[in-house]
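J.: mind looking at a prediction? Sequence and model below.
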Amino acid sequence: MSTPGELNATHDPRLSSWVASANAPGVDFPVQNLPFAAFRPAGSGQNFRAGVAIGDQVLDLAALHGLAPFAGPAAQALAACAHPSLNALMALGPELAGALRAALSGALRSDAMAAARLRPLLLPQAAAEYRVAADVGDYTDFYASIHHATAVGRLFRPDSPLLPNYKWLPVAYHGRASSVRVSGYDFPRPRGQLMPPGAARPELLPTRKLDYELEVGVFVGRGNVQGSRVLLAEAEQHVFGLCLLNDWSARDVQAWEYQPLGPFLAKNFATTVSPWVVTLEALAPFRVPWTRPASEPPPLAYLHDEASRQAGAIDIQLEVRLDTARMRAAGMPPQRLSRSTFRDSWWTVAQMITHHTVNGCNLNPGDLLGSGTQSGPLPAQAGSLLELTAGGRQAIALADGESRTFLADGDRVTLHGWCEREGYARVGFGEAAGTVLPALP
Ligand code: MN
């Protein structure tokens, strides 16, 4: 049995696919990736079902199940793919998901005997529509980038940017699952209570400080029983995979409402995730040591072990792009606002899982965790406008002559993520996009 961090035959960079688009340089979805999504033909009204991405196509796994091409654990996992969400597949755990991945890798590689039988089960991704991969029962958003926490803390509390608990526990708040949406969800500018500086009373207005947050999403696989806890050494056995996540945020609402209980309406009007979930197994080649400066104390023992130290972090390149209504009308491409990497995160995915359950809290298959805004140490690596514009004081110049402090109506924000390492195939996440519409009357 392979564990998520180990390399196996599915990672072999020499593999190619009989789906030609999967072999083009720089693609997000080569045969070494094989991310899962819930999809259906666009506009069909059919049931959603599981699919796996290969090049610019999606392979219908419910239809594949109908052909009964696999045996044993792979067949058992494939049977779970006929459901309209991935919860059943996620619940099976990494051994069965890994067996399915190995079988799909074999069926999609260039020399596969099954190519002729499988070709009719492909649909161009451009002709598909998606839903959130899982029925998300609970959504928790962490705050795992110390660079983000410090920069934001400086704006809200110049005297003590980093609160004393930060370096000891993965800080989080419980978010709202009902408003998690898949990429392509366009939403009206939210309203909220704003307290203008120096005013005597707040007003109910459309937010003036709408922002994005560049985050990694984590879909929980196998759950844990309430009253039990997940030890660090086992934590990754409870992770199905990762996606991109945009935690849209109304900063003016947040500033007025967040104390003493944390984020509420500033965050829960919309959260955007990418349709494709990249399994932890696919990310194995991109594991890197989890390090902290020698001057920093190690975490408490339950959040710290040698395996984490050696390979607890994942080097996922993250990028935010913006295009405005005017840029689109002029045919201009989106403009990159920042780039960072998940390897700079102060806390790892395993530490988040372990801490979340240390009190006996139960995680369920399909639960969603957000990593918190992933900012790097440099100003150009800031994962939100709040940081990039120093709280709205320094506008960003756009290529068409416009400028932004926070998002304007018509702005579209697109998150991208990918992993690259010499000697391995690139593994991409696709995108998570959303557009800001004018506030409702
Ligand atoms: Mn967030």
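T.: Perfect, I can see it now.

J.: when you work out contacts or count neighbours from here on, use the C-alpha atoms and nothing else.
T.: Will do.

J.: nearest spatial neighbour of the residue of the stretch 1-150 of the chain found nearest the ion, skipping sequence neighbours?
T.: Taking Cα to the ion, the ion has its nearest neighbour within the stretch 1-150 of the chain at Asp141, 5.7 Å off. Nearest residue to Asp141, sequence neighbours excluded (Cα to Cα, 6 or more residues apart in numbering): Gly370, at 4.3 Å.

J.: doesn't Glu213 make contact with the one you found?
T.: No. Assessed by Cα atoms under 8 Å, Gly370 is found out of contact with Glu213, at 10.2 Å.

J.: got any residues that touch both of those two?
T.: Residues touching both Gly370 and Glu213 by Cα atoms under 8 Å, 6 or more residues apart in numbering: Leu245.

J.: give me the more crowded residue out of these two.
T.: Using other Cα atoms under 10 Å, the more surrounded residue of Gly370 and Glu213 is Gly370, with 30 against 23.

J.: from Asn359, how far out is the more buried one?
T.: Distance, Gly370 to Asn359, using Cα to Cα, to the nearest Å: 19 Å.

J.: then Ala255?
T.: 30 Å.

J.: and these two? Which one has more around it.
T.: More crowded of Ala255 and Asn359, by other Cα under 10 Å: Ala255, with 16 against 13.

J.: how many residues are close by the closest residue to the more buried one other than its chain neighbours?
T.: Once flanking residues are discounted, Ala255 sits nearest to Phe156: 7.6 Å by Cα to Cα, 6+ apart. As a burial measure, Phe156 scores 13 neighbours (other Cα under 10 Å).

J.: tell me the pLDDT at Phe156?
T.: Phe156 carries a pLDDT value of 77.

J.: against Leu204, how distant is it?
T.: Taking Cα to Cα, one finds Phe156 at 21 Å from Leu204.

J.: in the stretch 151-300 of the chain, what residue lies closest to the ion?
T.: Closest point on the stretch 151-300 of the chain to the ion, by Cα to the ion, is Asp247, at 4.9 Å.

J.: what's the burial count for Leu388?
T.: 22.

J.: with Leu204 instead?
T.: Count around Leu204 with other Cα under 10 Å applied: 11.

J.: tell me the secondary structure of it, please.
T.: Here Leu204 is strand, with the state taken from DSSP: H, G, I helix; E, B strand; the rest coil.

J.: correct me if wrong: it contacts Leu194.
T.: Yes. With contact defined as Cα under 8 Å, Leu204 counts as touching Leu194 (6.3 Å).

J.: the helices in the stretch 251-400 of the chain, which residues?
T.: With DSSP state H, counting those that start in this stretch applied, the stretch 251-400 of the chain shows helices at 251-257, 306-311, 325-329, 349-357, 385-388, listed in chain order.

J.: now those helices in a markdown table, with mean pLDDT and distance to the ion?
T.: Formatted as a markdown table, the helices of the stretch 251-400 of the chain follow (pLDDT from 0 to 100; distance: least, Cα to the ion, whole Å):
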| stretch | mean pLDDT | distance to the ion |
| --- | --- | --- |
| helix 251-257 | 95 | 12 |
| helix 306-311 | 92 | 24 |
| helix 325-329 | 98 | 25 |
| helix 349-357 | 98 | 14 |
| helix 385-388 | 97 | 12 |
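
J.: now those in JSON lines, with distance to Ala115?
T.: Formatted as JSON lines, the helices of the stretch 251-400 of the chain follow (distance: least, Cα to Cα, whole Å):
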{"stretch": "helix 251-257", "distance to Ala115": "51"}
{"stretch": "helix 306-311", "distance to Ala115": "36"}
{"stretch": "helix 325-329", "distance to Ala115": "39"}
{"stretch": "helix 349-357", "distance to Ala115": "36"}
{"stretch": "helix 385-388", "distance to Ala115": "46"}
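
J.: quick one: closest of the ones you listed to Trp290.
T.: Of all these, the one in closest proximity to Trp290, counting by Cα to Cα, is helix 306-311 (4.8 Å).

J.: who are the packing partners of that closest one?
T.: strand 287-288 (3 or more Cα pairs under 8 Å, 6 or more residues apart in numbering; DSSP states H and E).

J.: run me through the strand neighbours of the strand it packs on, direction for each.
T.: According to DSSP bridges, strand 287-288 forms sheet pairs with strand 313-314 (antiparallel).

J.: get me the contact residues on the protein for the ion.
T.: 247, 372 (Cα under 5 Å from the ion).

J.: in the chain, which residue sits nearest the ion?
T.: Gly372 (4.4 Å).

J.: for that residue, grab phi and psi.
T.: Here is the backbone geometry of Gly372 (degrees, to the nearest 10): phi 80, psi 160.

J.: in stretch 385-394, which residues are buried?
T.: Buried residues in stretch 385-394, defined by neighbour count with 16 or more other Cα atoms under 10 Å: 385-392.

J.: so who does the closest residue to Arg321 other than its chain neighbours touch?
T.: In space, Arg321 comes closest to Arg336 once its chain neighbours are excluded; the distance is 4.2 Å by Cα to Cα, 6+ apart. Each residue near Arg336 by Cα under 8 Å, 6+ apart is listed here: 319-322.

J.: so in the chain, which strand runs the longest?
T.: Determined from DSSP state E, the single longest strand within the chain is strand 427-437.

J.: buried residues of that strand, list them for me.
T.: For strand 427-437, by 16+ other Cα under 10 Å, it's 427-437.

J.: pull out the buried residues from stretch 19-26.
T.: Within stretch 19-26, judged by 16+ other Cα under 10 Å, the buried ones are 19, 22-23.

J.: gap between it and the chain center?
T.: Relative to the centre of its chain, stretch 19-26 is centred 23 Å away, using Cα atoms, centre = their mean, to the nearest Å.

J.: could you do stretch 253-261 as well?
T.: With Cα atoms, centre = their mean, you get 25 Å for stretch 253-261.

J.: okay, now the unreliable bits of the stretch 251-400 of the chain?
T.: Across the stretch 251-400 of the chain, nothing is flagged by pLDDT under 70.

J.: strands along that one, start to end?
T.: Ranges of strands in the stretch 251-400 of the chain, per DSSP state E, counting those that start in this stretch, are 271-273, 278-279, 287-288, 313-314, 317-323, 335-341, 368-370, 396-397.

J.: so what's the closest residue to Gln125 other than its chain neighbours up against?
T.: Spatial nearest neighbour of Gln125, excluding adjacent residues (Cα to Cα, 6+ apart): Gln57 at 5.0 Å. Neighbour list for Gln57: 122-125 [criterion: Cα under 8 Å, 6+ apart].
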